[in-house]
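# How does the following fold in three dimensions:
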Amino acid sequence: MRTLIVIPTYNEAENVGSITEAVLSVTSPEVSILVVDDGSPDGTGQIADEIAKANPRVNVLHRPKKMGLGTAYVHGFRWGLEKGFDSLIEMDADFSHHPRYLAQMLELLTRHDGVIGSRYVPGGGTLNWGLGRRILSRCGSVYSRVILGAPIRDFTGGFNGWRASLLKGVDFQTLKSDGYSFQIELKYRAFLNRYNLVEFPIIFEDRKIGKSKMNRRIVIEALLRVWSFRKTVARQDAKRVLT
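Residues are numbered from 1 along each chain as shown. Sure, this is the predicted structure:
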């Protein structure tokens, strides 16, 4: 199974070299990396270019400015599907999604349509988070699960693997969300389309280098969008009944 690991970056000059090296060291030649850089002013894109020149398993997609995490994944998925990859993985550049979990995720992708690296199943968790962030994150997933009626434990997590057939089946290019809401919307579409999803435990460790892009406003905006996902499905169901 040819797999592409999509790593969006913005100002990750201190991390991009070490994360690509770590990923390459624990994966087989069938696994490639795509760095999607949003015009990082700290030179992340240029560093990624140098890495790509030295290793054919690393690729770089440059975007002119900061355009959002969700669209970065959409662009990365599109690039990967055009190149014929069988599965695609979402992964952060800051080691909060540790490469040691990739072997298990890749194995699970041979048996499931979608694989979710989950903080909220037995064995999962977080490190170096304050109480407020832990509460907000866990409540966000519970809130999404209740509103959307889907049994996914970690709705907001960003360490996920998808078969190409699933991404095509959920029409990923029409996803409008970003950040937390992108993760929620994609998982919800996969659930609604009855794809075979599985969660496995990971420990999410807060970044040691660089500045987090996540803040409370982004999370709250994402959770407010959950209702729009439910309304969209309701409108689609009503249209099917009428026709």
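
# partners of the helix or strand that residue 34 is a member of, with directions?
For residue 34, the host element (DSSP states H and E) is strand 31-37. Strands adjacent to strand 31-37 in the sheet, as given by DSSP bridges, are strand 3-9 (parallel), strand 58-62 (parallel).

# So which of these is nearest residue 192?
When the strands paired with strand 31-37 are ranked by distance to residue 192, counting by Cβ to Cβ, first place goes to strand 3-9 at 22.9 Å. Every C-beta, even on glycine, is put in place using the N, C-alpha and C of the backbone.

# Which residues outside the closest one are in contact with it?
16, 19-20, 23, 27, 30-38, 40, 44-45, 48, 69, 72-73, 76-77, 79-80, 83, 85-93, 102, 106, 109, 161 (Cβ atoms under 8 Å, 6 or more residues apart in numbering).

# please redo it, this time with the cut-off set to 7 Å
16, 19, 23, 30-37, 40, 44, 69, 72-73, 76-77, 80, 85-91, 93, 106 (Cβ atoms under 7 Å, 6 or more residues apart in numbering).

# Can you tell me how far the residue nearest to residue 8 when sequence neighbours are not counted is from residue 106?
The shortest distance from residue 8 to any non-neighbouring residue, by Cβ to Cβ, 6 or more residues apart in numbering, is to residue 72 (3.8 Å). Counting by Cβ to Cβ, to the nearest Å, the gap from residue 72 to residue 106 is 22 Å.

# Between the two ends of stretch 58-78, how far is it?
From its first residue to its last, stretch 58-78 covers 16 Å (Cα to Cα, to the nearest Å).

# hang on, I meant stretch 82-94
Length of stretch 82-94, first residue to last, Cα to Cα: 27 Å.

# model confidence over that stretch, on average?
Mean per-residue pLDDT for stretch 82-94: 97.

# Give the buried residues for it.
Neighbour-count burial for stretch 82-94, with 16 or more other Cβ atoms under 10 Å as criterion, is recorded at 85-94.

# Would you list the phi and psi of residue 171?
Backbone torsions for residue 171, taken as degrees, to the nearest 10, come to phi 60, psi 60.
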